[in-house]
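Colleague: Sharing a model prediction with you, sequence too.
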Amino acid sequence: MIGPGAAGLLDLAGIFVFAVSGALAAVRQRLDVVGMVVLAEITALGGGILRDLVIGAVPPAAFTSLGYVLVPLGASALVFFWHPQVTRLLPAVLFFDAAGLGLFCVTGTVKALDHGLSPLHAVLLGVVTAVGGGVLRDMLSGQIPSVLYDRQLYALPALLGAVVIALAYEADLHGGFVSAGAALLAFGLRVLALRYGWRTPRPRGVPD
Amino acid sequence: MIGPGAAGLLDLAGIFVFAVSGALAAVRQRLDVVGMVVLAEITALGGGILRDLVIGAVPPAAFTSLGYVLVPLGASALVFFWHPQVTRLLPAVLFFDAAGLGLFCVTGTVKALDHGLSPLHAVLLGVVTAVGGGVLRDMLSGQIPSVLYDRQLYALPALLGAVVIALAYEADLHGGFVSAGAALLAFGLRVLALRYGWRTPRPRGVPD
Amino acid sequence: MIGPGAAGLLDLAGIFVFAVSGALAAVRQRLDVVGMVVLAEITALGGGILRDLVIGAVPPAAFTSLGYVLVPLGASALVFFWHPQVTRLLPAVLFFDAAGLGLFCVTGTVKALDHGLSPLHAVLLGVVTAVGGGVLRDMLSGQIPSVLYDRQLYALPALLGAVVIALAYEADLHGGFVSAGAALLAFGLRVLALRYGWRTPRPRGVPD
C-alpha cells in the first residue's frame, strides 16, 4: 500500500515533470527567467488550482504547501542552466509527463469524490486536474492548447484513468493498489499512443 | 408562469445552442473530437461556472447537474456527424444563440441578486454569465474574443436584459413573465442587430 | 499614517491607472467601446479577483464595491474621447502604472497574510494581484503576456515589494509607513528599470 509519505512524494514528482514541460515551453518562446518560472509554476499547479476552486477547497493546496511552490522553482533552475541537455532528454520528459498525467487524473478524481461530487463530475474534474495546467501553459504561450488536438492522445488517457478509479470507488474498492492501477492504465495508454502515433478521429470531411 | 420544470428545460436549451457554437468553432479549427467536446462543454458551461465561482456557489451548477454535462456531449455528437448540415443552418444557430444569450443574462443576474449582490454587480455578473462561455471558447481557439469587437452587438443585448431584470427586482416585480420579458428584450435587440448589422462605436479616429 | 480613507483612495487610483492601460490596449487593437470597457475592467480588477477567489473571499471586492466598477468606466470614457492625448502622455501612464504595481503587490500580500496564508504563499499571491490583471488583458488581446518577457522588469518589482512587506509583517512591523515603504521600493525598482532598460536574464544560449 502507498502510505501518505509515498503519495506526497509521487505528487511532488508529478509536479516536477509538469514544471519541466512548462519551463521548456518558455525556452521555445525565448522567454526570460521570469516567464520561465511563471510557466513552470502554472503548468505544474494550474490543474490542481482549478480543481480546488471548483470544489471550494480554498486556499488551493498550491497555496498551503511549501513543496508545491518550491519544486517548480527547482525545475526552472534545472532547465535554465541545462536546457540543451534536458531537451535531448525530451523522450524521457514525455515519459515522466505521462506518469504525471496518470497520477493527477487519479488524485483529482479521488479528491472530487471525497468532496461529494457525483462519479461523472468527479471524472470531469479529474481530467481537468490532469490537463488544466498544460492548457494554461499553452494559452499563456499564445498557442492553441495542444490537448484540443489530442495528438498522441492526452485527454483520453486521463479520462480512462479517471473512469477506472471512479468505478473502483463506486464498487467500494479503495487503497493504494487500486489508485496505482488506474494511474498505470492512463500512463500505459499515453505511452502506447506516443509510441504508435495514435490520435482521436476528426469530424467527417475535415482534412488534415 | 414558467414553472421550475420549464425553466430547467429552457436552461438546457440555452446550454445546447451554446454547445453547438463551441463545437462548430472546433470544426473551423480542424480539431479532433476531443477538442470539439472540450470547446462544446466550455462554451456552454463556462459563463455559469465563472458566475458561481464569484458568488461562492461551489461546486458550480455544472458540477452538480447531470444534464449540464450530457447536453454538450449530445451537441458535439450532432456536429461531429452532421457539421455540414449544421453549418448550413448557421442563421438558425445564431437565432438560437441569441435566445441562449437572453436567457443566460437573466438567470445569471437573478442568481447573483439571490446571493445578495447589489443590482450593479448582479448586472455585471449577468453579462459575464451570458458572454463568458463564448470568451473562453475564443481564447482556447487562439482568437481575440468576438465580444470585444461586439460586431452585431453581443454584450450590449446581454446588458439590456440584465439591467431590465435588475430594475424589475428592485421594483419588487418577480415571476416568469418578468424574466421572459427581460430575456425577450435581449433576444430582440441581438436579432435586430444581426439583421441590420448594428455595431457599437469606436474611439475617435480609429479606422476600420 | 495612512487612514482607511487614504488607503481606499490609493486603491481607486491604482485601479484607475490599470484601467487606462487596459483601455489603451483596446485602442491599439481597434476594438469598439464594448471591448474597451471590458479590457479596462479586467485589467484593473482581474488581479484582485484572482486573489480573492484563491483565498476564498467571495464575492471578490470587485463585486461588492461600487467604486471598483465605476472607476474603470471613467477611465474608458477618458481614453475613448481623448486617446491621442492619453497616448502622448504614455510616459506618465507608465509612471502611474508603476505606482499601481507597487500598491497592489503590497495590498495583495497583506490581504493574503490576513487570511492566514504563509509568508511565501502571501508573496506569491501579492505578485498575482499586481500582475494578474495585465496578464488577462494581454491574453484577451491575443498577445503573449508582456510580464512573461519581463522587459524593463515588471514581476520582479512586484516580488520585491511583496517580499519586503511580508518580512516586515514577520518582524511585527505594521502600519501605513511600512506599507508605503514597501510600495515605494517596488515603484522605484520599476521606474529605474524603465529608465535604464533593465531586464532579467535568459537561459544560456537563447538569442534575442
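Modeller: Noted; the coordinates are in hand.

Colleague: If you count neighbours, what's buried in the lowest-mean-pLDDT helix or strand in chain A?
Modeller: Least confident helix or strand of chain A, by mean pLDDT, DSSP states H and E, is helix A:4-28 with a mean of 84. For helix A:4-28, the neighbour count (16 or more other C-beta atoms under 10 Å in any protein chain shown) marks A:10-12, A:14-27 as buried. From N, CA and C alone the C-beta is placed, and that goes for glycine too.

Colleague: Remind me what that helix packs against, helices and strands.
Modeller: helix A:33-55, helix A:66-88, helix A:90-114, helix A:119-140 (3 or more C-beta pairs under 8 Å, 6 or more residues apart in numbering or on different chains; DSSP states H and E).

Colleague: May I see those helices organised as a markdown table, with mean pLDDT and mean neighbour count added?
Modeller: Conversion of those to a markdown table gives the following (pLDDT from 0 to 100; neighbours: other C-beta atoms under 10 Å in any protein chain shown):
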| stretch | mean pLDDT | mean neighbour count |
| --- | --- | --- |
| helix A:33-55 | 96 | 26 |
| helix A:66-88 | 91 | 17 |
| helix A:90-114 | 90 | 23 |
| helix A:119-140 | 96 | 25 |
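
Colleague: As JSON lines, those helices with distance to chain B would be great.
Modeller: Output for these, formatted as JSON lines (distance: least, C-beta to the nearest C-beta, whole Å):
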{"stretch": "helix A:33-55", "distance to chain B": "6"}
{"stretch": "helix A:66-88", "distance to chain B": "21"}
{"stretch": "helix A:90-114", "distance to chain B": "8"}
{"stretch": "helix A:119-140", "distance to chain B": "5"}
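
Colleague: Determine the number of other residues adjacent to A:Gly116.
Modeller: Counted with other C-beta atoms under 10 Å in any protein chain shown, residues neighbouring A:Gly116 total 11.

Colleague: what's the helix or strand for it?
Modeller: Using DSSP states H and E, A:Gly116 sits within no helix or strand.

Colleague: what residues does chain A put near chain C?
Modeller: A:26-27, A:29-36, A:38-39, A:49, A:53, A:56, A:58-60, A:63-64, A:66, A:69, A:79-81, A:83-84, A:139-142 (C-beta under 8 Å from any C-beta of the partner chain).

Colleague: Tell me how far the nearest residue to A:Leu39 once chain neighbours are set aside lies from C:Arg199.
Modeller: In space, and not counting its chain neighbours, A:Leu39 is closest to A:Gly22: 4.1 Å by C-beta to C-beta, 6 or more residues apart in numbering or on different chains. Remark: distance between A:Gly22 and C:Arg199 (C-beta to C-beta, to the nearest Å) = 21 Å.

Colleague: ok, now A:Ala183?
Modeller: For A:Ala183, the distance to C:Arg199 - C-beta to C-beta - is 41 Å.

Colleague: Also A:Pro157?
Modeller: 40 Å.

Colleague: Between these two, which has more neighbouring residues?
Modeller: Higher neighbour count among A:Pro157 and C:Arg199: A:Pro157, with 28 against 16, using other C-beta under 10 Å.

Colleague: host element of the more buried one?
Modeller: Following DSSP H and E, one finds A:Pro157 within helix A:155-170.

Colleague: What mean pLDDT does the next helix or strand along the chain from that helix get?
Modeller: The helix or strand immediately downstream of helix A:155-170 is helix A:176-196, counting by DSSP H and E. The average pLDDT within helix A:176-196 is 94.

Colleague: elements contacting helix A:176-196?
Modeller: The helices and strands touching helix A:176-196, judged by 3+ C-beta pairs under 8 Å, 6+ apart, are helix A:90-114, helix A:155-170.

Colleague: for those helices, which one sits closest to C:Gly126?
Modeller: Nearest to C:Gly126, of all those, is helix A:90-114, at 27.0 Å by C-beta to C-beta.

Colleague: how far is the closest one from where the chain is centred?
Modeller: Helix A:90-114 sits 5 Å away from the centroid of its parent chain (C-alpha atoms, centre = their mean, to the nearest Å).

Colleague: Show me what it is packed against.
Modeller: If you count contacts as 3+ C-beta pairs under 8 Å, 6+ apart, helix A:90-114 packs onto helix A:4-28, helix A:33-55, helix A:119-140, helix A:155-170, helix A:176-196.

Colleague: could you list every residue that touches A:Pro60?
Modeller: A:Pro60 sits next to A:Leu45, A:Gly48, A:Ile49, A:Arg51, A:Asp52, A:Leu53, C:Val54 when contact means C-beta atoms under 8 Å, 6 or more residues apart in numbering or on different chains.

Colleague: Mind putting the residues you listed into JSON lines with distance to A:Asp97?
Modeller: What follows is the contacts of A:Pro60, written out as JSON lines (distance: C-beta to C-beta, whole Å):
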{"residue": "A:Leu45", "distance to A:Asp97": "15"}
{"residue": "A:Gly48", "distance to A:Asp97": "16"}
{"residue": "A:Ile49", "distance to A:Asp97": "19"}
{"residue": "A:Arg51", "distance to A:Asp97": "18"}
{"residue": "A:Asp52", "distance to A:Asp97": "22"}
{"residue": "A:Leu53", "distance to A:Asp97": "24"}
{"residue": "C:Val54", "distance to A:Asp97": "26"}
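
Colleague: Just flag the most distant two among the residues you listed.
Modeller: A:Arg51 and C:Val54, at 13.0 Å, using C-beta to C-beta across the contacts of A:Pro60.

Colleague: who touches stretch A:88-104?
Modeller: For stretch A:88-104, contacts defined as C-beta under 8 Å, 6+ apart pick out A:10-11, A:13-18, A:20-21, A:24, A:47-48, A:86, A:126, A:129-131, A:154, A:157-158, A:161, A:182-187, A:190-191, A:194.

Colleague: what about 6 Å?
Modeller: Residues from elsewhere that reach stretch A:88-104 (C-beta atoms under 6 Å, 6 or more residues apart in numbering or on different chains): A:10, A:14, A:17-18, A:20-21, A:129-130, A:158, A:161, A:183, A:186-187, A:190-191.

Colleague: For it, C-alpha coordinates in PDB please.
Modeller: Taking Å, rounded to 0.1, in the frame of the first residue of the first chain, the C-alpha atoms of stretch A:88-104 are listed here in PDB:
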ATOM      1  CA  ARG A  88      17.900  16.000 -25.600                       C
ATOM      2  CA  LEU A  89      16.200  14.000 -22.900                       C
ATOM      3  CA  LEU A  90      12.700  15.000 -24.300                       C
ATOM      4  CA  PRO A  91      11.600  11.400 -24.700                       C
ATOM      5  CA  ALA A  92      12.300  10.900 -21.100                       C
ATOM      6  CA  VAL A  93      10.400  14.100 -20.200                       C
ATOM      7  CA  LEU A  94       7.400  12.900 -22.200                       C
ATOM      8  CA  PHE A  95       7.700   9.600 -20.300                       C
ATOM      9  CA  PHE A  96       7.600  11.300 -16.900                       C
ATOM     10  CA  ASP A  97       4.900  13.700 -18.100                       C
ATOM     11  CA  ALA A  98       2.800  10.600 -18.900                       C
ATOM     12  CA  ALA A  99       3.400   9.500 -15.300                       C
ATOM     13  CA  GLY A 100       2.300  12.900 -14.000                       C
ATOM     14  CA  LEU A 101      -0.800  12.600 -16.200                       C
ATOM     15  CA  GLY A 102      -1.700   9.200 -14.800                       C
ATOM     16  CA  LEU A 103      -1.100  10.400 -11.300                       C
ATOM     17  CA  PHE A 104      -3.000  13.600 -11.500                       C
END
